[in-house]
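Engineer: Have a look at this prediction, sequence included:
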Amino acid sequence: MLSVNDAEAIILNLVQPLDHQRDTEVLDLLTADSRILATPITSPLDFPHWDNSAMDGYAVRYQDVQHSNPENPTVLEIVEDIPAGYQPKSTIQAGQAARIFTGAVIPAGADTIVIQEKTRREENRVFILDAPKPQEFVRHKASFYQAGTQLLSAGIKLNAPEIAVLAAAQCPKLSVYRRPRVAIFSTGDELVTVDQPLQPGQIVDSNQYALAALVRQSGAEPLILGIVKDDPVALEKVITHAVAIADIVLSSGGVSVGDYDYVDKILESLGAKIHIRAVQMRPGKPLTVATFPSTDAINRVSPQSALYFGLPGNPAAVLVTFWRFVLPAIKKLSGITEGWEPVFLKVRSHDELRSDGKRETYLWGKLHLIDGVYEFHKAGGSHSSGNLINLAQTNALAVLPVGKTLIYPQEEVQVLQLSNG
Ligand SMILES: Nc1nc2c(c(=O)[nH]1)N[C@H]1C(S)=C(S)[C@@H](COP(=O)(O)OP(=O)(O)OC[C@H]3O[C@@H](n4cnc5c(N)ncnc54)[C@H](O)[C@@H]3O)O[C@H]1N2
Ligand code: MOO
Ligand SMILES: [Mg+2]
């Protein structure tokens with residue numbers, strides 16, 4: 001059976017990032033946070049735009065004040081008051097200073113700022129009580145960024161710092177990648193929606209809700225296609241529709257060996273290429289990954305072949321396979337150029353962790369910070385892949401590689417850290 005690492009490599013290799021010209025949209029800066037920048041940004045502005053003061057104080061000529069000390073202060077004549085937002089009018093001559101405030105433009109002739117705490121004021125004269133360093137507290141024009149060079153590269157996620165940079169650079173509109181479209185449906189005669197009364201044998205289709213939340217948190221757009229019966233005709237119809245409208249299709253259930261597990265057979269009959277049928281992991285063994293050749297289907301919006309994930313039906317298997325394989329695939333597709341690989345940490349385990357050693361085993365739980373060190377606490381209760389109740393509050397998965405049957409409390413364990421998006 002395919003190892004988890006080999007399965008990951010196959011999946012990521014199948015994903016083509018969105019196209020930086022075709023798969024983009026223009027957004028207002030205020031609505032662009034968490035989106036992926038599609039074009040590099042260059043500014044015609046220097047940062048700072050001009051030499052300005054980092055402090056409230058006096059703009060002086062260094063040569064005038066270099067020997068100042070409390071016993072022997074330098075006395076300068078104040079020729080101008082320069083608040084932030086004003087263009088200075090004077091040129092500072094020998095023996096002169098300008099009153100200046102943080103962010104204000106430094107007047108011609110001055111090269112150094114003396115903070116006001118190191119001065120004494122008497123009417124229009126200032127006593128410099130301490131020698132500053134040459135050019136002290138001057139924020140030089142272009143010292144943060146030089147006009148015409150690259151300010152932000154394409155393929156980065158726009159969070160608050162990047163949004164601030166774009167605002168400062170006067171970019172009110174931006175080209176970002178469109179959200180990846182991810183179609184979701186559940187298969188199973190036993191499934192009902194959240195609001196339907198349960199008949200004997202029925203359960204709520206919780207996978208659809210879990211996947212919709214995961215997809216939205218990843219920055220993609222979920223296309224909810226509902227519940228489909230274990231019926232080949234219905235399944236063929238929904239799969240055909242899903243691959244025509246989405247970049248990625250997620251189904252859950254129907255991928256094992258039971259009499260009503262039709263997904264693989266229908267994918268084959270529709271001409272899909274099946275790349276993965278099972279992975280050596282627990283939960284998540286019967287995982288199907290397939291691609292559809294690019295077609296000219298009427299509704300087709302993505303040029304690349306739709307990537308199909310037939311996730312196993314068990315609720316824990318759905319979440320674990322999403323975190324381990326689908327999330328990196330969505331991130332790679334989204335146009336982001338780095339950071340789509342899963343993040344593994346080495347941490348201390350609070351609890352004993354067990355596996356039969358036959359499959360790479362994922363145990364869900366929580367990372368706690370104890371004296372600045374992360375500790376993994378396994379969720380209490382059953383780790384059956386049919387149990388979703390103790391998945392609540394999971395923020396990490398402990399990973400026991402094939403062959404590892406036991407990790408003692410306080411021993412080191414590798415965990416997959418889960419975060420939104
Ligand atoms: N003889 C074998 N049986 C099974 C094997 C095997 O290797 N040999 N593998 C087991 C493993 S591991 C898993 S995982 C499951 C995967 O089953 P399917 O993908 O075929 O899924 P279903 O049979 O449709 O359902 C399994 C389970 O999950 C529940 N389910 C399904 N969909 C939902 C949903 N949308 N929301 C909540 N719960 C759902 C369903 O009721 C079943 O209990 O196969 C094992 N069997
Ligand atoms: O691998 Mo299955 O996913 O045990 O439940
Ligand atoms: Mg089944």
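Structural biologist: Nice, I can see it. Ligands and ions are numbered 1, 2, ... in the order given.
Engineer: which parts of the stretch 251-400 of the chain sit against ligand 1?
Structural biologist: 252-258, 261, 283, 285-286, 312-315, 317, 385-386 (CB under 6 Å from any ligand atom). The way it works is simple: take the backbone N, C-alpha and C, and place the C-beta from them, glycine included.
Engineer: which among those end up buried?
Structural biologist: 252-256, 261, 283, 285-286, 312-315, 317, 385 (16 or more other CB atoms under 10 Å).
Engineer: Strands - which of those residues land there?
Structural biologist: Ser252 (DSSP state E).
Engineer: Gln274 - how many residues pack around it?
Structural biologist: Small correction: residue 274 is Ile, not Gln. Neighbours of Ile274 under the rule other CB atoms under 10 Å: 14.
Engineer: Roughly how far does it sit from Asp264?
Structural biologist: Using CB to CB, to the nearest Å, Ile274 is found at 6 Å from Asp264.
Engineer: Now list whatever residues contact both of the two.
Structural biologist: Thr288 (CB atoms under 8 Å, 6 or more residues apart in numbering).
Engineer: quick one: the biggest strand by length in the chain to chain centroid distance?
Structural biologist: Across the chain, the longest stretch assigned as strand under DSSP E is strand 360-370. Mean C-alpha position of strand 360-370 versus that of the full chain (CA atoms, centre = their mean, to the nearest Å) differs by 21 Å.
Engineer: now do stretch 263-280
Structural biologist: 31 Å.
Engineer: Same check on stretch 213-224?
Structural biologist: For stretch 213-224, the distance to the chain centre is 14 Å (CA atoms, centre = their mean).
Engineer: which residues of the stretch 1-150 of the chain score low on pLDDT?
Structural biologist: The stretch 1-150 of the chain contains no residues with pLDDT under 70.
Engineer: The closest residue to ligand 2 within the stretch 51-200 of the chain and Cys171, how far apart?
Structural biologist: As assessed by CB to the nearest ligand atom, ligand 2 sits closest to Gly188 within the stretch 51-200 of the chain, at 14.6 Å. Distance of Gly188 to Cys171, computed by CB to CB: 48 Å.
Engineer: Please say which of those two ends up with more neighbours.
Structural biologist: Gly188 (19 against 16).
Engineer: excluding its backbone neighbours, what's nearest the residue of the stretch 51-200 of the chain closest to ligand 2?
Structural biologist: Closest residue in space to Gly188, ignoring its immediate chain neighbours: Gly253 at 4.8 Å, by CB to CB, 6 or more residues apart in numbering.
Engineer: And Leu327, by the same measure?
Structural biologist: Nearest to Leu327 is Ser218, by CB to CB, 6+ apart, at 5.7 Å.
Engineer: residue contacts, the one you found?
Structural biologist: Contacts of Ser218 (CB under 8 Å, 6+ apart): Leu327, Ile330, Lys331, Ser334, Gly421.
Engineer: Okay, and which of those residues map to helices?
Structural biologist: Leu327, Ile330, Lys331 (DSSP state H).
Engineer: quick one: which of those is nearest to Val165?
Structural biologist: Proximity to Val165 was ranked across the ones in helices among the contacts of Ser218 by CB to CB; first place goes to Lys331, at 22.2 Å.
Engineer: Pull the number of nearby residues for that closest one.
Structural biologist: Using other CB under 10 Å: Lys331 sits among 25 other residues.
Engineer: Check what pLDDT it gets.
Structural biologist: Looking at Lys331, its pLDDT reads 97.
Engineer: How about Thr295?
Structural biologist: Thr295 is given a pLDDT of 53.
Engineer: Return the set of residues that bridge with Val204.
Structural biologist: Note on Val204: beta-bridge partners by DSSP bridges are Val192.
Engineer: That one contacts Pro197, doesn't it?
Structural biologist: No. Between Val204 and Pro197 there is no contact under CB atoms under 8 Å: 10.7 Å.
Engineer: what about those two, which has more around it?
Structural biologist: Val204 (15 against 6).
Engineer: State the distance from the more buried one to Val238.
Structural biologist: 19 Å.
Engineer: So which residues make contact with the longest strand of the chain?
Structural biologist: Against strand 360-370 from outside (CB under 8 Å, 6+ apart): 3-4, 280-284, 316, 319-320, 324, 345, 347, 350-351, 353, 355, 374-379, 383, 390-391, 393-402, 415-417.
Engineer: Select only the buried ones of these in ChimeraX?
Structural biologist: Restricted to buried positions by 16+ other CB under 10 Å, the ChimeraX selection for these reads:
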select :4,280,281,282,283,284,316,319,320,324,347,350,351,353,355,375,376,378,379,383,390,391,394,396,397,398,399,400,415,416
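Engineer: In strands, which of the contacts of strand 360-370 fall?
Structural biologist: 281-282, 345, 347, 353, 374-378, 396-400, 415-417.
Engineer: about what we covered before: can you narrow the residues of the stretch 251-400 of the chain next to ligand 1 down to the ones near ligand 2?
Structural biologist: Among those, ligand 2 is touched by Pro283, Lys285, Pro312, Asn314, Ala317, Ser385 when using CB under 6 Å from any ligand atom.
Engineer: Make a markdown table out of those residues and add pLDDT.
Structural biologist: As requested, these are arranged in a markdown table below (pLDDT from 0 to 100):
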| residue | pLDDT |
| --- | --- |
| Pro283 | 98 |
| Lys285 | 97 |
| Pro312 | 97 |
| Asn314 | 98 |
| Ala317 | 98 |
| Ser385 | 96 |
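Engineer: taking these one by one, which sit in helices?
Structural biologist: Those of these lying in helices (DSSP H): Ala317.
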